[in-house]
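J.: Provided below for reference: sequence and predicted model.
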2 protein chains.
Amino acid sequence: MASYGVLGTGIVGQTLAGKLAALGREVRMGTGDVAASKARTDAGWGAERLSTWLEANPSVELATFHDVIAASDILINATSGSVSVDVLALGDPADLDGKILIDIGNPLDFSSGDLDLTVGITDSLGETLQRTYPSLRVVKTLNTVTSAVMVDPASVGGGDHTMFVAGNHDAAKAAVTQMLHSFGWRDIVDLGDISGARGMEAMLVLWLRSRMTLDNAMFNVKLVR
Amino acid sequence: MASYGVLGTGIVGQTLAGKLAALGREVRMGTGDVAASKARTDAGWGAERLSTWLEANPSVELATFHDVIAASDILINATSGSVSVDVLALGDPADLDGKILIDIGNPLDFSSGDLDLTVGITDSLGETLQRTYPSLRVVKTLNTVTSAVMVDPASVGGGDHTMFVAGNHDAAKAAVTQMLHSFGWRDIVDLGDISGARGMEAMLVLWLRSRMTLDNAMFNVKLVR
């Protein structure tokens, strides 16, 4: 069975790695400096202190980005959109060859005080990753919901809502769709090639506004057709 | 009962004006040159030839933008996003004072070959109109669906999906919400002040991609929470 390498130790990384481990998958979690990450006493937004989380998830091995990229069959980009390209550069290029990268990142830019996307809407983080690492098989998904909903869609409206996927490789999308099914996703809409990531990333503007209006992150959209 | 002035004679203008007339409302339709518009033998994308449409909708009076702005209580911006600001400048400034403008426009820019928004996602057409004409009461709505769905939400999934509104004036949003109810909209989410238009306009990126994937424009999103 394919092993997973979750890149990133924040709330998204912890949630995804924890769910995959609970499903009995082999999971590694990547970070920049293993000793420093384990020694940190603070926690990222919404996340647990990493050492506490690792104790609760003993099957998940924390390793460097390089080693996780080397050892895992399927990679999950759970790093901030602003550093995702650089994190993948820490892997041996040969270790990216033909590998699936599930891109959950959002290229958020709040430097103006308002939400903007670093790549605008005529490009996307998903396309940037695919273009930069052409041997990877990038599949964009899950970036449109909060992490708790990513791994437990039934927690909102009984799970009657939609997840999107986009990517250039049909076999990679099929593998990712299988993972989404294992999380409980039932309505998965294939937006075509990786440029479909633009729609999913632009969705964040409406997501953030809805988050403010609802005062709650436990929501998603259903594509009614 | 409030009279409506629909600015624009394309498919969106025809659909909105036709529905409001069918509901028994007083409706005017604005254009740049009345004689030229009536003489046109071509039709805009998806629209009927205007002379044919006017014959089928005899209660709707075609007049200049200036006269429609002067005579109507509630204005509806159904012009292309690229010309909306200029069209409102054709009105007498005194005729805009305190008037509701329902902004359905999308600031689409395909000049790069890809969908971009002329205002980016840190601004919106709705905000631009409100900023340029501060005496107007701009309410953004309906831009997230195809025109047939705007006036007949039940045509998709029995009407079980969501319309958004955004604007700075609560009374104006209440009046627009009443109009939406008369069209059959049941789930109307208030995204707050007019900057909520950013989320609704950015939604177009996902809308366009979904349109391609589904090969059908009869869809909408439901905000499941």
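T.: Noted; the coordinates are in hand.

J.: Would you quantify the distance from the residue nearest to residue A:218 when sequence neighbours are not counted to residue A:87?
T.: Closest residue in space to residue A:218, ignoring its immediate chain neighbours: residue A:156 at 5.4 Å, by Cβ to Cβ, 6 or more residues apart in numbering or on different chains. For the C-beta atoms, the positions are set from N, CA and C on the backbone; glycine is no exception. Look at residue A:156 and residue A:87: by Cβ to Cβ, to the nearest Å, they are 30 Å apart.

J.: Stretch A:160-176 vs chain B: in contact?
T.: Yes: applying Cβ under 8 Å from any Cβ of the partner chain, one finds stretch A:160-176 touching chain B at A:160-161, A:164.

J.: Using neighbour counts, trim those to the buried set.
T.: Neighbour-count burial (16 or more other Cβ atoms under 10 Å in any protein chain shown) applied to the residues of stretch A:160-176 next to chain B gives A:161, A:164.

J.: Check the gap between the residue nearest to the spatial centre of chain A and residue A:214 for me.
T.: Residue closest to the average C-alpha location in chain A (Cα atoms, centre = their mean): residue A:104, at 2.7 Å. Counting by Cβ to Cβ, the separation of residue A:104 from residue A:214 is 22 Å.

J.: Quick check: what element follows the helix or strand harbouring residue A:163 along the chain?
T.: Assigned by DSSP states H and E, residue A:163 belongs to strand A:162-167. Next helix or strand after strand A:162-167 toward the C-terminus (DSSP H and E): helix A:170-183.

J.: With adjacent residues omitted, what lies nearest to residue A:187?
T.: residue A:162 (4.7 Å).

J.: List the contacts of the one you found.
T.: A:187-189, A:220-223 (Cβ atoms under 8 Å, 6 or more residues apart in numbering or on different chains).

J.: Format those as TSV; extra columns: pLDDT.
T.: Listed next are the contacts of residue A:162 as TSV, based on pLDDT from 0 to 100:
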residue	pLDDT
A:187	98
A:188	98
A:189	98
A:220	98
A:221	98
A:222	98
A:223	98
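
J.: buried subset of those residues?
T.: A:189, A:220-223.

J.: what's across from the nearest residue to residue A:33 once chain neighbours are set aside in the sheet?
T.: Closest residue in space to residue A:33, ignoring its immediate chain neighbours: residue A:64 at 7.7 Å, by Cβ to Cβ, 6+ apart. When bridges are called by DSSP bridges, residue A:64 pairs up with residue A:31.

J.: which stretches of chain A form helices?
T.: A:11-22, A:34-39, A:50-56, A:65-71, A:84-88, A:93-96, A:125-132, A:147-150, A:170-183, A:197-214 (DSSP state H).

J.: could you give the mean pLDDT of the third one?
T.: Per-residue pLDDT over helix A:50-56 has a mean of 97.

J.: Export it to CSV, keeping only CA atoms.
T.: C-alpha atoms of helix A:50-56 as CSV (Å, rounded to 0.1, in the frame of the first residue of the first chain):
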residue,chain,number,x,y,z
LEU,A,50,4.4,19.1,17.8
SER,A,51,6.0,17.0,20.5
THR,A,52,2.6,16.4,22.1
TRP,A,53,1.1,15.5,18.7
LEU,A,54,3.8,13.1,17.9
GLU,A,55,3.3,11.3,21.2
ALA,A,56,-0.4,10.9,20.4
